[in-house]
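Undergrad: here is the input, now give the coordinates:
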Amino acid sequence: MQDARIFFFDLSVEGEIPGVSSSIPFSLFPFAGIFSVIDFSFFSFAEKRRDQVKIFAQLNKLKTLEQMLEPYGLQSDQFYPLEISVQDFIVILKEDMKKTCIIHNTGSCYIPAVRDLKSLLHLDRSSLHHLLINHYPVDTYVTSSEHFISILEHSMDTMETVTLKDGLFSDILPAAADTMENMEGMLLFNRNIKQFYDWHINHIDTNLTGIAANIRNSLSVVHPGGDSCIASTGSVIDSFISPDCSIRGAVIHSIIFPGVHVEEECCIKNSVIMNDSIIGKGASIENTLIMPYHRDAGQHNSVGDHTVIGKVDSKVKNRLYPDQVYDGLTVIGSHGKVGDRTVVEPGCIIDTDISANSRKYGKKITRGSCVTSPREHS
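TA: Next comes the predicted model:
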């Protein structure tokens, strides 16, 4: 990739992936325990050529992204706001022309086969190539700098007011693509929360090699002397526990992300519990994804005592997001809080504090419901 310029775009998933917090760049959304989504963009395209990367994100999230990616050794002049015009982006392109441009939306999370990745440099640079992973379209395009500029200049004739944030992946690139180029690899997920859940659950049992095995191993089963604690009341069966967790209940065939605390008499089964969630005493959680918990102040449970969430053998879909939440998956979003002794049936999405107004929401959320509250997104 020495003769390639690599562009990473952190696009908002607002309204596309339910339950994901808009307060941080989506590139920093956790994946596989200790990783973030953008780590896989670096694994795939820029592990050894980080100086060739330019990153575009919303202006109000750019500083956060820059700070969090400091370990990659990137410079401040490698970060740009998504709100710039297409014309301004063309100026950036002309400052450092490369034979090959790789244009990648970090919401497409995958690991391509190394041999296919190398072949990108030999594609016809007079065309725009839309990549597929195992015949599944992903938001990655390859072309030359000259052809990329030509595409952008042509788009300005009909879309003068479009910014990179508004139109690059939704309009400009799909309309200009000349070919579809398939690569073998591992699709982790492509802006779909059910894919995200399935990858984690399926890889508890799968025999993996190479970088995928390293990802799996990074979750690391808890062992004596590790960073996490399994209390005398706790048990872990066919599961992975990330660092800085406390397990006082039962965890079965599940993935536990860093900073999670599971209280006594809980049973978590076939679930993915993400960063900093606190699961109250006696809770039962099945076939559920709990996203990273955003505490406003102090420490309180994201799931209350003696609460029941989800069911393993359900096939119900969510009524508002049937393409994102199906096969009985239940989702507790980043802003979700479920109070004591509440029942959340399969297929639900909870992304608000339903414990704060039990009169409004009741103690039972019926299957397929979507309970959210309007928030001012930063």
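Undergrad: now stretch 271-288: buried residues?
TA: Neighbour-count burial for stretch 271-288, counted by 16 or more other Cβ atoms under 10 Å, picks out 271-288. Every C-beta, even on glycine, is put in place using the N, C-alpha and C of the backbone.
Undergrad: pull the distance from it to the chain's centre.
TA: On the basis of Cα atoms, centre = their mean, to the nearest Å, stretch 271-288 is displaced by 19 Å from the centre of the chain it belongs to.
Undergrad: pLDDT on that stretch, on average?
TA: Regarding stretch 271-288, the rounded mean pLDDT is 95.
Undergrad: what's the answer for stretch 27-43, then?
TA: The model assigns stretch 27-43 a mean pLDDT of 88.
Undergrad: cool, stretch 235-247 as well?
TA: If you average the pLDDT over stretch 235-247, you get 89.
Undergrad: quick one: terminal-to-terminal distance for it?
TA: End-to-end distance of stretch 235-247 (Cα to Cα, to the nearest Å): 7 Å.
Undergrad: now stretch 113-127
TA: Chord length of stretch 113-127, first to last residue, is 22 Å (Cα to Cα).
Undergrad: after the lowest-mean-pLDDT helix or strand in the chain comes which helix or strand?
TA: One helix or strand of the chain scores below all others by mean pLDDT, DSSP states H and E: helix 210-219, with a mean of 53. Note on helix 210-219: by DSSP states H and E, the next helix or strand toward the C-terminus is strand 229-230.
Undergrad: for the stretch 251-378 of the chain, give me the ranges with low pLDDT.
TA: 294-300, 356-359, 374-378 (pLDDT under 70).
Undergrad: rerun that using 90 as the cut-off
TA: Applying pLDDT under 90 to the stretch 251-378 of the chain picks out residues 258-259, 292-302, 311-315, 334-337, 351-363, 372-378.
Undergrad: ranges for the strands of it?
TA: Per DSSP state E, counting those that start in this stretch, the stretch 251-378 of the chain carries strands over the ranges 255-256, 261-262, 267-269, 272-273, 278-279, 284-286, 288-290, 308-309, 330-332, 343-344, 349-351, 364-365, 370-372.
Undergrad: and for the stretch 1-150 of the chain?
TA: 4-9, 30-31, 35-36, 53-57, 79-81, 100-105, 108-112, 129-133, 136-143.
Undergrad: how about the ones you listed in JSON lines, adding distance to Met183?
TA: Output for these, formatted as JSON lines (distance: least, Cβ to Cβ, whole Å):
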{"stretch": "strand 4-9", "distance to Met183": "15"}
{"stretch": "strand 30-31", "distance to Met183": "20"}
{"stretch": "strand 35-36", "distance to Met183": "21"}
{"stretch": "strand 53-57", "distance to Met183": "20"}
{"stretch": "strand 79-81", "distance to Met183": "27"}
{"stretch": "strand 100-105", "distance to Met183": "12"}
{"stretch": "strand 108-112", "distance to Met183": "5"}
{"stretch": "strand 129-133", "distance to Met183": "6"}
{"stretch": "strand 136-143", "distance to Met183": "9"}
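Undergrad: which residues touch stretch 190-204?
TA: Residues external to stretch 190-204 that are found in contact with it (Cβ atoms under 8 Å, 6 or more residues apart in numbering): 13, 16-20, 31-32, 107-110, 136, 138-139, 187-189, 212, 216, 238-240, 253-255, 270, 272, 289, 323-327, 329, 331.
Undergrad: average pLDDT for that stretch?
TA: For stretch 190-204, mean pLDDT rounds to 88.
Undergrad: stretch 168-179 now?
TA: Averaged across stretch 168-179, the pLDDT comes to 91.
Undergrad: using CSV, write out every CA atom in it.
TA: Extracted C-alpha coordinates of stretch 168-179, given in CSV (Å, rounded to 0.1, in the frame of the first residue of the first chain):
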residue,chain,number,x,y,z
LEU,A,168,-20.2,10.8,-0.8
PHE,A,169,-21.3,7.2,0.1
SER,A,170,-25.0,7.7,-0.4
ASP,A,171,-24.9,9.3,-3.9
ILE,A,172,-21.6,10.2,-5.5
LEU,A,173,-19.7,6.9,-5.2
PRO,A,174,-22.5,4.4,-5.8
ALA,A,175,-23.6,6.3,-9.0
ALA,A,176,-20.0,6.4,-10.4
ALA,A,177,-18.9,2.8,-9.7
ASP,A,178,-17.8,1.0,-12.8
THR,A,179,-17.2,-2.5,-11.5
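Undergrad: I'd like the distance between Asp124 and Ser144.
TA: As for Asp124, its distance to Ser144 is 9 Å (criterion: Cβ to Cβ, to the nearest Å).
Undergrad: which of these two has more neighbours?
TA: With other Cβ atoms under 10 Å as the criterion, Asp124 and Ser144 differ in neighbour count, and Ser144 comes out ahead with 19 against 13.
Undergrad: wait, what's in contact with that one?
TA: Ser144 makes contact with Lys99, Thr100, Cys101, Arg125, Ser126, according to Cβ under 8 Å, 6+ apart.
Undergrad: find the residue closest to the first one in space, skipping its chain neighbours.
TA: The one in question is Lys99. Closest residue to Lys99 apart from its sequence neighbours, by Cβ to Cβ, 6 or more residues apart in numbering: Asp3 at 4.9 Å.
Undergrad: next one, pLDDT for that neighbour please.
TA: Asp3 carries a pLDDT score of 71 in this model.
Undergrad: correct me, but it touches Asp96?
TA: No - using Cβ atoms under 8 Å, Asp3 is not in contact with Asp96; the gap is 11.6 Å.
Undergrad: residue contacts, the closest residue in space to Thr143 that isn't next to it in sequence?
TA: Distances taken as Cβ to Cβ, 6+ apart place Leu128 nearest to Thr143, at 4.5 Å, with adjacent residues excluded. Counting by Cβ under 8 Å, 6+ apart, Leu128 touches Tyr141, Val142, Thr143, His147, Phe148, Ile151, Leu173, Ala176, Ala177, Asp178, Thr179.
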